[in-house]
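J.: Got a predicted structure here, sequence first:
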Amino acid sequence: MGGLALFCAIIAAGLINVWLHTYQRPDFFANSLQQQDNILVQITDPLQDKGTFAKTTAKIIATGPETAMKNASGKIVVYFEKDGGTKLPQYGDQLLIRNKVSSLKPPLNPGEFDYHSYMSYKGIYHSAYLKKGEWAWTGNNEGNPFWASVYAINTRLKTELANALPDPEQRGIAEALVIGDESDVPNDVMNDYAGTGTVHILSVSGLHIGIILIGLSWIFSFLKKLPYGKYMKLVLILAIIWCYAFLTGFSAPIARSVIMFSIVFIGMNIGRRANIYNSICGSALVLLLIDPFVVMQASCQLSFIALTGIVWLQPRIAAWWDPNHKLPRYIWELAAASLAAQIITLPISIFYFNQLSLYFLPANLIVIPASFVVLVAGIAFVFVRMVPLSWLHHIFSGLLYGCIYVMNVIARFINQLPGATLQGLYLNGLGVFLLYLFIILVLFSIIYRSKKLLGAGLAFGLCFILARDINIYNSLKTNELNIMTVSPHHTVITLKDRNRLFVVSDTGFIRDKQLLKYHINGNAWQNFISPGNIVCLNSEIKTNFSDANLMECGPLIGFYNKRILMINSETHIKPLLSRGNPVGIDALVLYNNPRVRLADLYKKFRFKSVIGVSGQIRDWETECIENSIPFINLQKDSYFNIPI
């Protein structure tokens, strides 16, 4: 009881400490920031290219009038506009910026990615978009020289890879595998790896550090013959993997893996029979002391759960078969590790990614060895670039290009096989908890041959099915109509009809898979609507559409007993005004800057509410107030729901 009480006290103290060091701090900049204030910031990360803007993070140093600034704390995301002629700041630069800071907003539309929560786990709650003239140099650079050199080397490596691999598909994979930067991997390529269950290889993590450790252990095995050779080997290998980690920028996945494997590797080589689970927990403790919020990152959770699952489950699966030859044994052990990781991470993978790869086993058996070849070729390419021999550069850049090209082709081929991926899966927090209890208890019952554990596992499995069926039943009972503004260019109407979702929007939105993924799919998955039941309707095509409970006739949409009239700048108003008797309309949606007078429309349409997206918002709102008609401004609310 004393140990438990001490443990709870430490956890409580840690939670309070973290809470006090976020926006609850008295000197947190947003608590006293005024509109006319300037802000002194220091760049804390290298800039990332985001098209017309460059993105980075900065810490707040002081705020207030330029002649009377006060010390402040906090961090913000900063976007600098790129105009081609202005030199952008670098890591460590101190800048004076105008107060263009705004709070990061929670999801405005149902099912959207919660960027606000994601950034809050990094201690960031605000962002600023700065154009030319809205920031100025102070001439000071207070960056850490060590990290400045690390980031400079990392940037140099990216430049070398970009020069050697002009194709973005190959360059993005090379940057991900060699220096741990996934930002340049094209979306199509990322989807291929995600669909085959091999996306984990694109993050320099435990797999890659483990491969490097195995290779280095083999290379330096001769040191064991020397006096104190075992310790020389240990120090040399740890020095190399830590240098590699710093060369890649020491990102969070690399930091986790290097710390974890260092502790495990030290325990294995100092002659002590260390408990592997204690080593894993020790590395987790070190990471939490550095950054308490790391536990909220999906990659961190998956990394530790997968490693624990492999350590615990892989030997038991591998024991099912003992091949006589080395090659079948290696393939079987790799398959056992992949199967163990997939089983133990299944609930949390569905929770975060809403999909399951059915060909993960053959894909991992092919892609993991291929990624090892690419990693070795990439590291060799980095060292060869230090040698002033151009013909050698061409040989290794060609080798790296060919290896990545073959690996991409394999991933794309497997992902395009029939039924390669089950998409649209959804689990809430309770579902993850119940499914984990079912999996763990059933595994324990098989390992220890216990009928009681099997019965308990099946009971939790039944609870999981019942809870899921109740959620599906409640979802099927509800129908609703949502009007959303995704951006100034896209207005979207979603109509949920039991287990189907109709999406009405413009061509640009309908054809953009990424926009559909981030703004539509989440809402569909939460309502247990499968991908095949999402029907996209192009509002720019004038052909009529009808279904059992839905009718689209030009700008008029009928859904159950609701009628929606959509008017944009391309809608022909005169034919609408030449209609016969007035028609009752539940909502009038005005988007893409239509120039209409509500008084003219009201002669032919008796609308109960008006939804303004873009255009003469103030004029329409004034007209609605004068005529006692509810007005919804989606420039402020971004989302409006009509229950059916």
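T.: Noted; the coordinates are in hand.

J.: Give me the residue ranges of the stretch 101-250 of the chain where confidence is low.
T.: By pLDDT under 70, the low-scoring segments of the stretch 101-250 of the chain are 203-208, 249.

J.: which residue ranges form the strands in it?
T.: Secondary structure of the stretch 101-250 of the chain (DSSP state E, counting those that start in this stretch): strands at 101-103, 124-130, 135-141.

J.: Would you reformat these as CSV and include mean neighbour count and distance to residue 255?
T.: Using the backbone N, CA and C atoms, a C-beta is placed for each residue, glycine as well. Listed next are the strands of the stretch 101-250 of the chain as CSV, based on neighbours: other CB atoms under 10 Å; distance: least, CB to CB, whole Å:
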stretch, mean neighbour count, distance to residue 255
strand 101-103, 15, 29
strand 124-130, 18, 18
strand 135-141, 14, 24
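
J.: for these, which one sits closest to residue 333?
T.: strand 124-130 (42.0 Å; CB to CB).

J.: okay, the angle between that closest one and strand 135-141?
T.: 110 degrees (axes from the mean of the first three to the mean of the last three CA atoms, to 10 degrees).

J.: what packs against strand 124-130?
T.: strand 75-81, strand 93-98, strand 101-103 (3 or more CB pairs under 8 Å, 6 or more residues apart in numbering; DSSP states H and E).

J.: okay, those strands, which one's buried deepest?
T.: When you average the neighbours per residue for each of these (mean count of other CB atoms under 10 Å), strand 75-81 leads with a mean of 21.

J.: Paired strands for that strand, with orientation please.
T.: In the sheet containing strand 75-81, its partner strands are strand 53-64 (antiparallel), strand 124-130 (parallel), by DSSP bridges.

J.: how about the ones you listed in TSV, adding distance to residue 267?
T.: Shown next, in TSV, are those (distance: least, CB to CB, whole Å):
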stretch	distance to residue 267
strand 53-64	35
strand 124-130	36
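
J.: Let me have the strands of the stretch 101-250 of the chain in JSON lines, extended by distance to residue 11.
T.: Below are these laid out as JSON lines (distance: least, CB to CB, whole Å):
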{"stretch": "strand 101-103", "distance to residue 11": "30"}
{"stretch": "strand 124-130", "distance to residue 11": "24"}
{"stretch": "strand 135-141", "distance to residue 11": "40"}
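
J.: what does the helix or strand of the chain with the lowest mean pLDDT rub up against?
T.: Within the chain, no helix or strand scores below helix 573-577, which has a mean of 71 by mean pLDDT, DSSP states H and E. The contact list for helix 573-577 (CB atoms under 8 Å, 6 or more residues apart in numbering) reads 555, 567, 596, 600-601, 603-605.

J.: do the same with stretch 390-404
T.: 164-165, 167, 169-170, 173-174, 370, 373-374, 377-378, 380-381, 384-385.

J.: can we see that at 6 Å?
T.: Stretch 390-404 is contacted from outside by 164-165, 170, 173, 373-374, 377-378, 380-381, 384, using CB atoms under 6 Å, 6 or more residues apart in numbering.

J.: Which ones among these lie within helices?
T.: Under the assignment DSSP state H, these contribute 164, 170, 173, 373-374, 377-378, 380-381, 384 to helices.
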